[in-house]
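Chemist: Need the 3D shape of this:
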Amino acid sequence: MPSRIEDYALIGDCHTAALVGRDGSIDWLCFPHFDSGACFAALLGTPEHGRWLLAPRTEVRAVHRRYREGTLVLETEFETADGLIAVIDFMPGRGQAANVVRMVEGRRGTVPMHTELVLRSDYGAIEPWLQHTDSGVWAIAGPDSFRLHTAIPLQRRDLTSVADFTVAAGQRQAFILGWNPSHEEVPAPIDPWEALRETEAWWQEWASRCAYQGPWREAVVRSLITLKALTYVPTGGMVAAATTSLPEQLGGVRNWDYRYCWLRDATFTLYALLNAGYREEARAWRRWLLRAAAGRPAATNIMYGLAGERRLPELELDWLPGYAGSRPVRIGNAASRQFQLDIYGEVLDAMYQSRRFGLEPEEAGWRLEQEFVRYVEEVFGNPDEGIWEVRGPRRHFTHSKVMAWVAVDRAVKSVEHFHVEGPLAQWRQLRATIHEQVCREGFDPALNSFVQSYGSKDLDASLLMIPLVGFLPASDPRVRGTVTAIERGLMRNGFVARYTTRPAVEGLPPGEGVFLACTFWLADNLVLIGRYEEARQTFERVLSLCNDVGLLSEEYDPQTRCLVGNFPQAFSHVGLVNTAMNLSPAVPGPAEQRPQG
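Modeler: Numbering: from 1, shown residues only. Purely as a prediction, here's the structure:
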């Protein structure tokens with residue numbers, strides 16, 4: 001059985017990221033970008049598929065780890081019978097090349113250490129050619145060149161580089177693993193101690209700008225740092241998670257590649273960044289959004305690559321057994337070409353929120369919005385695949401129709417409040433038409449609840465967005481009835497499931513964990529309907545699932561009491577930030593929307 005998902009911590013350089021286990025092993029790293037082939041893929045395979053271990057050679061009595069305050073610099077202390085050492089892991093800002101730095105610092109006694117480096121490329125499929133040198137290891141395979149710089153002598157064991165050494169109190173040893181294109185010269189090694197000082201100072205300065213001062217500041221700052229780490233700085237795009245194919249159910253097949261940028265994240269992310277004071281990140285995300293979505297509305301993807309790439313073909317890697325035997329392992333995402341009506345509402349809402357917060361207008365943005373509204377008018381009556389990207393037949397999902405209403409509503413409000421040009425009377429009528437249809441077709445009087453799709457009896461946690469986007473006020477009996485129905489029908493051990501999984505609907509076997517973002521949405525609804533204490537308890541219940549360094553995955557399995565799904569998950573951390581703000585009286589939310597997710 002591999003390490004639990006919650007046993008991992010994240011390090012990154014805003015281009016890519018790595019997962020570091022409590023045992024001192026880096027089991028996942030994609031060089032040079034989030035969606036590149038993995039250099040370490042043991043997370044989804046075995047140590048032979050790529051891994052870097054740096055840990056005591058003797059029995060470990062206790063492990064304590066933390067991020068240095070306000071940073072993404074990870075410090076893990078290992079206590080043994082021989083003494084105490086700390087392993088410090090981080091990725092410095094990009095210079096000439098991408099680097100991972102690992103340091104060992106002696107703090108008490110003299111501790112025997114072991115390091116083992118298994119370099120692979122193409123997700124563990126390719127064993128590179130190795131050459132050991134006086135200063136480390138050089139490895140090459142196709143387009144990838146790796147080099148490990150260290151003063152510790154390394155030995156070759158098959159296609160693995162190993163070393164045993166000791167570290168006494170007051171001593172330090174450094175290892176620097178870098179990547180560069182194989183056709184270029186290997187860059188000169190960086191100074192690891194100076195890189196540590198610069199990296200720590202950069203993150204601390206960034207974190208210090210967080211405007212949130214409420215009771216959950218530590219968790220909010222950690223979530224914002226995580227969101228920053230999941231940002232691809234060259235383009236402003238934000239990936240949904242650092243990983244692919246971590247399962248939504250152990251041993252299951254719901255294993256998707258989340259190293260892409262979803263349009264759906266737009267409003268949620270912008271709202272969190274702007275409320276927390278990070279205007280430049282919000283501008284960069286909005287610019288990415290406009291570039292990615294440019295073109296004919298009918299050709300809009302639901303997700304894109306880091307730079308806005310549209311073709312994300314889905315492949316299965318049959319040489320990897322998958323996390324805990326969860327197969328297949330997938331790269332790429334076939335859902336990228338689905339028709340999901342809700343994304344047009346999310347894009348329009350993101351643009352409207354940016355205006356409300358005073359971001360400088362962009363002329364191209366309003367042109368795109370007008371085209372989106374025209375397209376929504378054409379297609380809002382069509383079935384779609386919905387927010388959860390089901391792979392079964394299209395249906396008239398209620399949430400999708402609500403978000404079509406949001407698209408038109410935000411266009412109307414932009415004309416009314418910001419004096420842009422648009423056919424106001426026509427859009428008001430379209431907004432009313434969609435609203436009437438949703439209330440007629442999407443609400444079941446017998447259940448006293450909105451339902452997943454027109455004519456169904458199924459519940460869906462996405463219906464919790466109805467008051468959050470301003471479709472109906474929280475005081476409306478239909479909203480209260482929907483909240484009650486979801487509490488009764490979708491709650492699992494105090495958490496909210498997305499919906500009841502059915503093979504006939506999804507084209508997939510049933511079963512998954514509870515969805516953490518949906519539980520945050522429930523807390524937001526409880527705030528709006530005046531059940532503040534229950535909202536706080538619900539929020540803190542999710543907060544208790546954060547691992548020891550404050551990270552959340554996509555889902556949680558109440559039976560095994562483990563985090564499941566890709567990790568760390570931007571959707572969960574954005575939800576944490578926004579719900580904390582909604583629960584803090586000093587942070588006002590928009591009058592017509594308090595978006596979460």
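Chemist: Report the rounded mean pLDDT for the longest helix along the chain.
Modeler: Looking across the chain with DSSP state H, the single longest helix is helix 398-418. For helix 398-418, mean pLDDT rounds to 98.
Chemist: With just CA atoms, put that helix into CSV.
Modeler: The C-alpha trace of helix 398-418 is given here as CSV (Å, rounded to 0.1, in the frame of the first residue of the first chain):
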residue,chain,number,x,y,z
THR,A,398,-30.6,22.3,-13.6
HIS,A,399,-27.3,23.8,-12.5
SER,A,400,-26.3,24.3,-16.1
LYS,A,401,-29.5,26.3,-16.8
VAL,A,402,-29.0,28.4,-13.6
MET,A,403,-25.6,29.3,-14.9
ALA,A,404,-27.0,30.2,-18.3
TRP,A,405,-29.2,32.6,-16.4
VAL,A,406,-26.1,33.9,-14.6
ALA,A,407,-24.4,34.6,-18.0
VAL,A,408,-27.3,36.8,-19.0
ASP,A,409,-27.8,38.4,-15.6
ARG,A,410,-24.2,39.5,-15.4
ALA,A,411,-24.4,41.0,-18.9
VAL,A,412,-27.5,42.9,-17.8
LYS,A,413,-25.9,44.2,-14.6
SER,A,414,-22.7,45.2,-16.6
VAL,A,415,-24.9,47.4,-18.8
GLU,A,416,-26.9,48.8,-15.9
HIS,A,417,-23.9,49.4,-13.5
PHE,A,418,-20.9,50.0,-15.7
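Chemist: Which elements pack onto it?
Modeler: Applying 3 or more Cβ pairs under 8 Å, 6 or more residues apart in numbering; DSSP states H and E, one finds that helix 398-418 contacts helix 342-356, helix 363-379, helix 424-441, helix 465-468. Every residue, glycine included, has its C-beta placed from N, CA and C.
Chemist: Adding mean neighbour count, mean pLDDT and distance to E79, write those helices out as TSV.
Modeler: Listed next are the helices and strands packed on helix 398-418 as TSV, based on neighbours: other Cβ atoms under 10 Å; pLDDT from 0 to 100; distance: least, Cβ to Cβ, whole Å:
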stretch	mean neighbour count	mean pLDDT	distance to E79
helix 342-356	25	95	48
helix 363-379	18	95	55
helix 424-441	16	98	59
helix 465-468	24	98	46
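Chemist: Compare those and give me the one nearest Q559.
Modeler: Nearest to Q559 among those is helix 465-468 (27.5 Å), distances taken as Cβ to Cβ.
Chemist: next one: the closest one to chain centre, how far?
Modeler: 22 Å (Cα atoms, centre = their mean, to the nearest Å).
Chemist: For that helix, name the packing helices and strands.
Modeler: Secondary-structure packing of helix 465-468 (3+ Cβ pairs under 8 Å, 6+ apart): helix 398-418, helix 477-489, helix 516-528.
Chemist: In CSV, list the helices and strands packed on helix 398-418 along with distance to D257.
Modeler: Below are these laid out as CSV (distance: least, Cβ to Cβ, whole Å):
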stretch, distance to D257
helix 342-356, 18
helix 363-379, 26
helix 424-441, 32
helix 465-468, 25
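Chemist: since we're on the residue nearest to G575 when sequence neighbours are not counted, how many residues are nearby?
Modeler: Once flanking residues are discounted, G575 sits nearest to F520: 3.5 Å by Cβ to Cβ, 6 or more residues apart in numbering. The number of residues packed near F520 is 29, by other Cβ atoms under 10 Å.
Chemist: just checking, F520 touches R541?
Modeler: No - contact between F520 and R541 fails when scored by Cβ atoms under 8 Å: they sit 10.4 Å apart.
Chemist: so what strands line up beside the helix or strand containing L84?
Modeler: Using DSSP states H and E, L84 falls within strand 83-90. Take DSSP bridges as the rule and strand 83-90 pairs in its sheet with strand 74-80 (antiparallel), strand 98-118 (antiparallel).
Chemist: Quick check: mean pLDDT of that strand?
Modeler: Per-residue scores along strand 83-90 average to 98.
Chemist: ok, now stretch 105-118?
Modeler: On average, stretch 105-118 scores 98.
Chemist: Next, the buried residues of that stretch.
Modeler: E105, G106, R107, G109, V111, M113, T115, E116, L117, V118 (16 or more other Cβ atoms under 10 Å).
Chemist: ok, back up a step: could you say which one of the strands paired with strand 83-90 comes nearest to L459?
Modeler: Set against L459 and scored by Cβ to Cβ, these come closest in strand 74-80, at 40.0 Å.
Chemist: from the middle of its chain, how far away would that closest one be?
Modeler: 27 Å.
Chemist: what is the rounded mean pLDDT of it?
Modeler: Across strand 74-80, the per-residue pLDDT values average to 98.
Chemist: Between the buried residues of stretch 105-118, which sits nearest H149?
Modeler: H149 lies nearest to L117 out of the buried residues of stretch 105-118, by Cβ to Cβ, at 12.1 Å.
Chemist: Run through the residues that contact the closest one.
Modeler: With contact taken as Cβ atoms under 8 Å, 6 or more residues apart in numbering, L117 is in contact with R51, W52, L53, V137, L148, L154, T160, S161, V162, L177.
Chemist: next one: W28
Modeler: The neighbours of W28, taking Cβ under 8 Å, 6+ apart as the test, are Y8, A18, L19, A38, F40, A41, A42, L43, L44, A242, T243.
Chemist: same deal with V379?
Modeler: V379 makes contacts with L341, as judged by Cβ under 8 Å, 6+ apart.
Chemist: again with the one 10 residues further on
Modeler: Neighbour list for E389: I302, A335, Q338, Q340 [criterion: Cβ under 8 Å, 6+ apart].
Chemist: Mind putting the buried residues of stretch 105-118 into a markdown table with distance to F471?
Modeler: Formatted as a markdown table, these follow (distance: Cβ to Cβ, whole Å):
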| residue | distance to F471 |
| --- | --- |
| E105 | 55 |
| G106 | 60 |
| R107 | 56 |
| G109 | 63 |
| V111 | 60 |
| M113 | 58 |
| T115 | 56 |
| E116 | 55 |
| L117 | 54 |
| V118 | 52 |
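Chemist: Among those residues, which one lies nearest to W388?
Modeler: Proximity of the buried residues of stretch 105-118 to W388 (Cβ to Cβ) peaks at V118, which lies at 36.7 Å.
Chemist: ok, back up a step: just flag the most distant two among the buried residues of stretch 105-118.
Modeler: Farthest apart among those by Cβ to Cβ are G109 and V118. That separation is 29.0 Å.
Chemist: Could you check the pLDDT of V505?
Modeler: The per-residue pLDDT reported for V505 equals 59.
Chemist: before we move on, the earlier item: so which of the helices and strands packed on helix 465-468 gets nearest C439?
Modeler: That would be helix 477-489 among the helices and strands packed on helix 465-468, by Cβ to Cβ, at 7.6 Å.
Chemist: What strands line up against the helix or strand just after the closest one, and which way round?
Modeler: Downstream of helix 477-489, the next assigned helix or strand under DSSP H and E is strand 491-492. Applying DSSP bridges to the sheet, strand 491-492 is found paired with strand 495-496 (antiparallel).
Chemist: Let's have the strands paired with strand 83-90 in TSV, adding distance to S223.
Modeler: What follows is those, written out as TSV (distance: least, Cβ to Cβ, whole Å):
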stretch	distance to S223
strand 74-80	16
strand 98-118	23
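Chemist: Out of these, the one nearest E512 is which?
Modeler: Within the strands paired with strand 83-90, the stretch nearest E512 is strand 74-80; the backing value is 29.3 Å (Cβ to Cβ).
Chemist: So what sits opposite the closest residue to V186 other than its chain neighbours in the bridge?
Modeler: Excluding the flanking residues, the one nearest V186 by Cβ to Cβ, 6+ apart is R147, at 5.4 Å. On the basis of DSSP bridges, R147 is bridged to W138, G178.
Chemist: On the pLDDT front, check R147 for me.
Modeler: 95.
Chemist: neighbours around it, how many?
Modeler: The burial count assigned to R147 is 22, neighbours taken as other Cβ under 10 Å.
Chemist: Touching, it and I140? I think so.
Modeler: No - using Cβ under 8 Å, R147 is not in contact with I140; the gap is 9.3 Å.
Chemist: the bottom helix or strand of the chain by mean pLDDT?
Modeler: The helix or strand of the chain with the lowest confidence, counting by mean pLDDT, DSSP states H and E, is helix 503-506 at a mean of 60.
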